[in-house]
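>>> okay, predicted coordinates and the sequence, questions at the end:
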Amino acid sequence: MGEQKRRHSILMVSDFFYPNFGGVENHIYYLSQCLLKLGHKVVVMTHAYGNRSGVRYMTGGLKVYYVPWKPFLMQNTLPTFYGTLPIIRTILVREKISLVHGHQAFSTLCHEALMHARTMGYKVVFTDHSLYGFSDAGSIHMNKVLQFTLADVNQAICVSHTSKENTVLRSGLPPEKVFVIPNAVDTAMFKPAPQRPSGNEIVIVVISRLVYRKGADLLVEVIPEVCRLYPHVRFIVGGDGPKRVRLEEMREKHSLQDRVEMLGAVPHAQVRSVLVMGHIFLNSSLTEAFCIAILEAASCGLLTVSTRVGGVPEVLPDDMIVLAEPDPSDMVQAIRKAISILPMIDPQAMHNRMKELYNWHDVAKRTEIVYDRALNCTNQSLLQRLSRYLSCGPWAGKLFCLVMIIDFLLWRLLQLWKPTEEIEEVPDFTLSHDEDEPISNDLVGPRA
């Protein structure tokens, strides 16, 4: 008989989760659903959203703790270092957690949860979803925080090889501790229309947050030039953000009201209905670890034109994407090439290839392996762990050690004040799952 598979009790932690919408939120939700189907216990912890506070249950019995912390900046909670220790300890004990999985370097809650979990002897895994620079003040500070958090993680996951290289350089984490597991797409939800859009016009779709990082300024220069070269091309722009004003001004300036349709924020449930109205998907991001929007578009049968940045070149095969430098003239040339090869694109064949290439069940099985590796790591004493923090720098290392010593003392005080035996453990309940059953996602969130 084969060895029985180990059942994990996983706590997913991030400031970014539903009802907010984005790539990280999607990743946590779909990964959790697939892990539940594989027989594991999964609990999500995030901060309160509006009046959504306390414990909620989602599809498949996914339990979510919306802890009563309000977002401080960009959906992040205010850093407290030790303020979250009591509630995190209670959740870990109540739910009989064996492993903590934190998501996104931006997330304050993620960093604090991983710090407290290591203090209490839990195994931890971290997934990085973004790329960062090395020169600006914000990146320098963020990289130091990441170095502190990753100094004591058991394993780490990145969504692309470019992201892995970036994370290793920023954090000093040994490369052998970092696994590359890409995102995936729900192909049951994102599928081509039965018939391609009729007529002689070509529709180019853009769905993105209209911010600088997503290349909204590039769109302001690219769209008028493409419209000038191709009278039969029309644009549909979905999304919202501070750069929307510039796009509106561009449309007025060049009198393109009838050729550039601005949809505003698009609920995720309606993204597919917008994508199937087009022939080409345009991504103008200036930095991207892994672009899930490209997967969604390709799954709907759209040919993709994208900037050659970050992990984007790793996402799709060469015959499904046309890459360009983040320069207006080069992007226009890429769109011209895409228009010329458009007759050779078969949307259904592209969708079938995406079903084979990207699957959330495959992502979950690969993540299982990382969990097994993390749980097999040896336990270390506080002194052994402090030696890792000392290597983070002559001053930062000593500061990090002080933070961890105080965290350890506070945890011991909590143990005396309220022993673990006095915290009531919640009973587990499981629902029957079929691995081949499509993942339900009836949540609505805007693609802003």
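Received, thanks. Residues are numbered from 1 along each chain as shown.
>>> now the helices: where do they sit in the stretch 201-350 of the chain?
Assigned helices in the stretch 201-350 of the chain, in chain order: 216-229, 244-253, 271-275, 292-299, 328-341, 347-357 (criterion: DSSP state H, counting those that start in this stretch).
>>> so how far is the fifth one from its chain's centroid?
The one in question is helix 328-341. Mean-position distance between helix 328-341 and its chain equals 29 Å (C-alpha atoms, centre = their mean, to the nearest Å).
>>> who does it touch, helix- and strand-wise?
Contacts of helix 328-341 with other secondary structure elements, assessed using 3 or more C-beta pairs under 8 Å, 6 or more residues apart in numbering; DSSP states H and E, are made with helix 216-229, strand 280-283, strand 303-307, strand 321-324. No exception for glycine: its C-beta is placed from N, CA and C like everyone else's.
>>> from the helices of the stretch 201-350 of the chain, which stretch is densest packed?
Comparing the helices of the stretch 201-350 of the chain by mean neighbour count (mean count of other C-beta atoms under 10 Å), helix 292-299 ranks first with a mean of 26.
>>> so what touches that helix?
Counting by C-beta atoms under 8 Å, 6 or more residues apart in numbering, the neighbours of helix 292-299 from elsewhere in the structure are 23, 26-27, 183-185, 187, 190-191, 205, 207-208, 271-272, 275, 281, 283, 304, 306, 312, 315-316, 320-321, 350-351, 354-355, 358.
>>> return the helix or strand in this protein with minimum mean pLDDT.
Across the helices and strands of the chain, mean confidence by mean pLDDT, DSSP states H and E is lowest for strand 446-447: a mean of 50.
>>> quick revisit: which of the contacts of helix 292-299 count as buried?
For the contacts of helix 292-299, a burial check counting by 16 or more other C-beta atoms under 10 Å picks out 23, 26-27, 183-185, 187, 190-191, 205, 207-208, 271-272, 275, 281, 283, 304, 306, 312, 315-316, 320-321, 350-351, 354, 358.
>>> for this protein, what's the longest helix?
helix 396-417 (DSSP state H).
>>> which strands or helices does that helix pack on?
Under the contact criterion of 3+ C-beta pairs under 8 Å, 6+ apart, the helices and strands touching helix 396-417 comprise helix 85-94, helix 108-119, helix 137-150, helix 382-390.
>>> for the third one, buried residues please.
Using 16+ other C-beta under 10 Å as the burial criterion, the residues of helix 137-150 that qualify are 142-144, 146-150.
>>> now do the last one
For helix 382-390, burial by neighbour count (16+ other C-beta under 10 Å) applies to 385-386, 388-389.
>>> now it: mean pLDDT?
The pLDDT scores in helix 382-390 average 89.
>>> before we move on, back to that, turn the helices and strands packed on helix 328-341 into CSV, including mean pLDDT.
Output for these, formatted as CSV (pLDDT from 0 to 100):
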stretch, mean pLDDT
helix 216-229, 96
strand 280-283, 98
strand 303-307, 97
strand 321-324, 97
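>>> residue ranges with poor pLDDT in the stretch 51-200 of the chain?
For the stretch 51-200 of the chain, no stretch has pLDDT under 70.
>>> just the strands in it please.
Here the stretch 51-200 of the chain has its strands, by DSSP state E, counting those that start in this stretch, at 54-58, 62-67, 71-73, 76-77, 99-103, 123-128, 155-158, 178-180.
>>> for those, which one sits closest to Arg251?
strand 71-73 (31.4 Å; C-beta to C-beta).
>>> quick one: strands adjacent to the closest one?
Within its sheet, and counting by DSSP bridges, strand 71-73 is paired with strand 76-77 (antiparallel).
>>> who touches the partner strand?
15, 47, 69-71, 106-109.
>>> I'd say Val211 and Gly241 touch.
Yes - distance between Val211 and Gly241: 4.5 Å, which falls inside the contact criterion (C-beta atoms under 8 Å).
>>> need the residues touching each of those two.
In terms of C-beta under 8 Å, 6+ apart, Val211 and Gly241 are not both contacted by any residue.
>>> re earlier: just put the helices and strands packed on helix 396-417 in CSV and tack on distance to Ser53.
Listed next are those as CSV, based on distance: least, C-beta to C-beta, whole Å:
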stretch, distance to Ser53
helix 85-94, 12
helix 108-119, 14
helix 137-150, 26
helix 382-390, 33
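>>> relative to Leu375, which of those helices is closest?
Shortest separation from Leu375 across those is recorded for helix 108-119, at 12.9 Å, computed as C-beta to C-beta.
>>> what angle do that closest one and strand 123-128 make?
Helix 108-119 runs at 150 degrees relative to strand 123-128, counting by axes from the mean of the first three to the mean of the last three C-alpha atoms, to 10 degrees.
>>> going forward, count from 548.
Got it, the first residue is 548 from now on, which makes the last one we talked about helix 655-666.
>>> against which helices or strands is helix 655-666 packed?
Using 3+ C-beta pairs under 8 Å, 6+ apart as the contact definition, the elements that helix 655-666 packs against are strand 556-560, strand 588-594, strand 623-624, helix 632-641, strand 646-650, strand 670-675, helix 684-697, helix 943-964.
>>> return the set of buried residues in the last one.
Spelled out, it's helix 943-964. Buried residues in helix 943-964, defined by neighbour count with 16+ other C-beta under 10 Å: 944, 947-948, 951, 954-955, 957-958, 961.
>>> ok so, going back, quick check on the contacts of strand 623-624: which are buried?
Applying a neighbour-count criterion of 16+ other C-beta under 10 Å, the buried members of the contacts of strand 623-624 are 562, 594, 616, 618, 653-656.
>>> how close does Pro966 sit to Thr655?
Remark: distance between Pro966 and Thr655 (C-beta to C-beta, to the nearest Å) = 29 Å.
>>> what of Val571?
With C-beta to C-beta as the criterion, Val571 and Thr655 are 14 Å apart.
>>> please apply the same query to Leu956.
Leu956 sits 22 Å away from Thr655 when distances are taken as C-beta to C-beta.
>>> quick revisit: any chance of JSON lines for the contacts of strand 623-624, columns distance to Pro744?
Supplementary listing: those in JSON lines, determined by distance: C-beta to C-beta, whole Å:
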{"residue": "Asp562", "distance to Pro744": "39"}
{"residue": "His594", "distance to Pro744": "41"}
{"residue": "Trp616", "distance to Pro744": "46"}
{"residue": "Lys617", "distance to Pro744": "44"}
{"residue": "Pro618", "distance to Pro744": "39"}
{"residue": "Phe653", "distance to Pro744": "37"}
{"residue": "Ser654", "distance to Pro744": "39"}
{"residue": "Thr655", "distance to Pro744": "44"}
{"residue": "Leu656", "distance to Pro744": "43"}
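>>> just give me the neighbour total for the closest residue to Thr674 other than its chain neighbours.
Leaving aside its sequence neighbours, Thr674 sits nearest to Ile704 (C-beta to C-beta, 6 or more residues apart in numbering; 4.3 Å). In terms of burial, Ile704 registers 23 neighbours under the definition other C-beta atoms under 10 Å.
>>> which strand residues bridge Ile704?
If you apply DSSP bridges, the partners that Ile704 bridges to are Thr674, Phe726.
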